[in-house]
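Trainee: below are the sequence and a predicted model for it; my questions follow.
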Number of protein chains: 2
Amino acid sequence: MKEETRPYTLPLPTIRRYPIYLRAIKTKIAGGELTVSSAVLAEELGLDPVLTRKDLAMAGIPGKPRCGYPARELCEAMNRALGWDSATDAALVGVGMLGRALLGYSGFEEQNLNIAAAFDANPETYGRTFHGVKVRPMDELTGLTKRLKLSLAILTVPATGAQKCADELVAAGIKGILNFAPIQLTVPEGVTVQNVDIAQSLAVLSHTIARG
Amino acid sequence: MKEETRPYTLPLPTIRRYPIYLRAIKTKIAGGELTVSSAVLAEELGLDPVLTRKDLAMAGIPGKPRCGYPARELCEAMNRALGWDSATDAALVGVGMLGRALLGYSGFEEQNLNIAAAFDANPETYGRTFHGVKVRPMDELTGLTKRLKLSLAILTVPATGAQKCADELVAAGIKGILNFAPIQLTVPEGVTVQNVDIAQSLAVLSHTIARG
């Protein structure tokens, strides 16, 4: 049945562009537009129009030659492709400054991501609540992750403890880790890690500026 | 003269991998190792050994056939290539939760990045100090950025105000923007934007998990 609504796996670069399209299309919908053309979208976003046409076609709904795509249906189809059409519960591990910022990050709601539990190793944080989420001690991580059947975790611990946390998360059934720790995590097959690496982005900038 | 120490522009993917190599090599140095081999490094990081050999060679210092590279010299050469060998002063715009987290982010020090000034549009934050940096009103942005000759800015404002901030920064002489706002910024030629987009990483994860 799943195969019916999610017919195939999209290429990774397409998946990475979907959130960008979604934002642009939502702005158009908010402005009263009912249809969206791939050519206009590509120009606005500075993308290759051929690429954008292919990306949008992969959402699997029919566009019309002149008017383009019905905007709302296209959003829904993209959300479906991203798995953002149904709510996902996630664990957040590491409630330092970055962890707290992410607990209040409004973008997660938009993506139907709900941080269902937060964990930290520092006893001073136990029982404290940030943006409605209570911090729990690390030794509750395995039990609660299993009980809530969480599949996604956000890792915001320092580099030194990150691999150990990742191992615990994987053992508890986590299938995807959004990793903010500046370290390459080792995970078994079937588990996906996405690194949000500030150092890498900064490397590109400072290299470019140093040459400017 | 600049051309002598920074002989050429490295390919972007190489630049993005340098911070990862640097972390691994620093761990080795801390553990007492004096040399580092590209083959060992590639295996540890799960990278193609041919790729890693080329990446390291581009740092421009000679390795020895059996022992590999002298670890410290390799780090220094990579830092030089990244422009991390001399301090860079940056402006941070938007002192909300994420901005505050970044003001306390220890990774910036390692990269010789110093946040010299922070700005926010909310009068309640004016004069408050976070991790030693005082928050200033937005109307001081242009003057101070010019006076301090800042070339890099970290943008942590909501999506709605981001383009306007970017325009102001560019007009004040900023050449590189580390953008955390979930929006595609439009900047003139000669200015580089690096997006740290949490939504994009999350898209890959939830798409993969939804199919699992």
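Mentor: Thanks, I have the structure now.

Trainee: surely A:Ser206 touches B:Thr88?
Mentor: Yes. In terms of C-beta atoms under 8 Å, A:Ser206 counts as a neighbour of B:Thr88; the distance is 5.9 Å. (Glycine included, C-beta is placed from N, CA and C.)

Trainee: more neighbours: those two, which one.
Mentor: A:Ser206 (27 against 21; other C-beta atoms under 10 Å in any protein chain shown).

Trainee: how about the contacts made by that one?
Mentor: Residues in contact with A:Ser206, defined by C-beta atoms under 8 Å, 6 or more residues apart in numbering or on different chains, are B:Leu82, B:Gly83, B:Trp84, B:Thr88, B:Gln111, B:Leu113, B:Leu152, B:Gly176.

Trainee: and those residues, which is closest to chain A?
Mentor: When the contacts of A:Ser206 are ranked by distance to chain A (C-beta to the nearest C-beta), B:Gly83 comes first, at 3.0 Å.

Trainee: doesn't A:Val204 make contact with the closest one?
Mentor: No. Assessed by C-beta under 8 Å, B:Gly83 is found out of contact with A:Val204, at 10.3 Å.

Trainee: ok, those two, which is more surrounded?
Mentor: B:Gly83 (25 against 22).

Trainee: ok, A:Lys26 to chain B distance?
Mentor: According to C-beta to the nearest C-beta, to the nearest Å, A:Lys26 stands 11 Å off from chain B.

Trainee: quick one: contacts for that residue?
Mentor: Neighbours of A:Lys26 in contact, by C-beta under 8 Å, 6+ apart: A:Cys75.

Trainee: how far away is it from B:Tyr69?
Mentor: From A:Lys26 across to B:Tyr69, the span is 49 Å (C-beta to C-beta, to the nearest Å).

Trainee: what about A:Leu45, how many neighbours?
Mentor: The tally of other residues near A:Leu45 (other C-beta under 10 Å) stands at 15.

Trainee: ignore the last one, A:Pro62
Mentor: Residues lying near A:Pro62 (other C-beta under 10 Å) number 8.

Trainee: again with A:Asn195
Mentor: Applying other C-beta under 10 Å, we find 19 residues neighbouring A:Asn195.

Trainee: give me phi/psi at it?
Mentor: Main-chain torsions, A:Asn195, degrees, to the nearest 10: phi -90, psi 130.

Trainee: quick check, pLDDT for the nearest residue to it once chain neighbours are set aside.
Mentor: Nearest in space to A:Asn195, with sequence neighbours left out and distances taken as C-beta to C-beta, 6 or more residues apart in numbering or on different chains, is A:Asn179 at 5.0 Å. Looking at A:Asn179, its pLDDT reads 93.

Trainee: returning to that earlier point: any shared contact partners between A:Ser206 and B:Thr88?
Mentor: By C-beta under 8 Å, 6+ apart, the residues touching both A:Ser206 and B:Thr88 are B:Leu113, B:Leu152.

Trainee: biggest strand in chain A, by residue count?
Mentor: Taking DSSP state E as the criterion, chain A has its longest strand at strand A:113-120.

Trainee: in chain A, where is pLDDT below threshold?
Mentor: A:1-8, A:211-212 (pLDDT under 70).

Trainee: domain assignment for it?
Mentor: The record's domain parsing of chain A by automatic domain parsing lists A:2-82, A:88-200.

Trainee: how many residues are close by A:Gln184?
Mentor: A:Gln184, neighbours per other C-beta under 10 Å, totals 18.

Trainee: quick one, what contacts it?
Mentor: Contacts of A:Gln184 (C-beta under 8 Å, 6+ apart): A:Asn195, B:Ile20, B:Ala24, B:Leu45, B:Gly46.

Trainee: among these, name the ones in strands.
Mentor: Among the contacts of A:Gln184, the ones falling in strands (DSSP E) are A:Asn195.

Trainee: which of the contacts of A:Gln184 sits closest to B:Leu10?
Mentor: B:Ile20 (14.1 Å; C-beta to C-beta).

Trainee: mind checking how far the closest one is from chain A?
Mentor: Taking C-beta to the nearest C-beta, one finds B:Ile20 at 6 Å from chain A.

Trainee: follow-up on the earlier one: okay, buried residues for the longest strand of chain A please.
Mentor: Across strand A:113-120, burial judged by 16 or more other C-beta atoms under 10 Å in any protein chain shown covers A:Leu113, A:Ile115, A:Ala116, A:Ala117, A:Ala118, A:Phe119, A:Asp120.

Trainee: same check, this time on stretch A:37-53
Mentor: Here stretch A:37-53 shows A:Ser37, A:Ser38, A:Val40, A:Leu41, A:Ala42, A:Leu47, A:Thr52, A:Arg53 as buried, counting by 16+ other C-beta under 10 Å.

Trainee: quick one: residues contacting the last one.
Mentor: Put plainly, it is A:Arg53. A:Ser38, A:Ala39, A:Ala42.

Trainee: would you list the residues you listed in JSON lines and tack on distance to chain B and secondary structure?
Mentor: Listed next are the contacts of A:Arg53 as JSON lines, based on distance: C-beta to the nearest C-beta, whole Å; DSSP: H, G, I helix; E, B strand; the rest coil:
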{"residue": "A:Ser38", "distance to chain B": "16", "secondary structure": "helix"}
{"residue": "A:Ala39", "distance to chain B": "17", "secondary structure": "helix"}
{"residue": "A:Ala42", "distance to chain B": "12", "secondary structure": "helix"}
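
Trainee: whether stretch A:131-149 contacts chain B - can you check?
Mentor: No. Using C-beta under 8 Å from any C-beta of the partner chain, stretch A:131-149 never reaches chain B; the gap is at least 9.1 Å.

Trainee: centre of the chain to that stretch, how far?
Mentor: Offset of stretch A:131-149 from its chain centre (C-alpha atoms, centre = their mean, to the nearest Å): 20 Å.

Trainee: for that stretch, output the C-alpha coordinates as PDB.
Mentor: This file holds the C-alpha atoms of stretch A:131-149, laid out as PDB (Å, rounded to 0.1, in the frame of the first residue of the first chain):
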ATOM      1  CA  HIS A 131       9.600  24.900  24.700                       C
ATOM      2  CA  GLY A 132       7.400  22.300  26.300                       C
ATOM      3  CA  VAL A 133       9.800  19.400  26.200                       C
ATOM      4  CA  LYS A 134      11.100  18.000  29.500                       C
ATOM      5  CA  VAL A 135      14.700  17.000  29.800                       C
ATOM      6  CA  ARG A 136      15.400  13.400  30.900                       C
ATOM      7  CA  PRO A 137      18.500  11.600  32.100                       C
ATOM      8  CA  MET A 138      20.500   9.600  29.500                       C
ATOM      9  CA  ASP A 139      19.700   6.300  31.100                       C
ATOM     10  CA  GLU A 140      16.100   6.700  30.100                       C
ATOM     11  CA  LEU A 141      17.000   7.100  26.400                       C
ATOM     12  CA  THR A 142      16.900   3.400  25.400                       C
ATOM     13  CA  GLY A 143      13.700   2.600  27.200                       C
ATOM     14  CA  LEU A 144      11.800   5.700  26.100                       C
ATOM     15  CA  THR A 145      13.000   5.600  22.500                       C
ATOM     16  CA  LYS A 146      11.800   2.000  22.200                       C
ATOM     17  CA  ARG A 147       8.500   2.700  24.000                       C
ATOM     18  CA  LEU A 148       7.700   5.700  21.800                       C
ATOM     19  CA  LYS A 149       8.900   3.800  18.700                       C
END
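
Trainee: brilliant, that's me finished.
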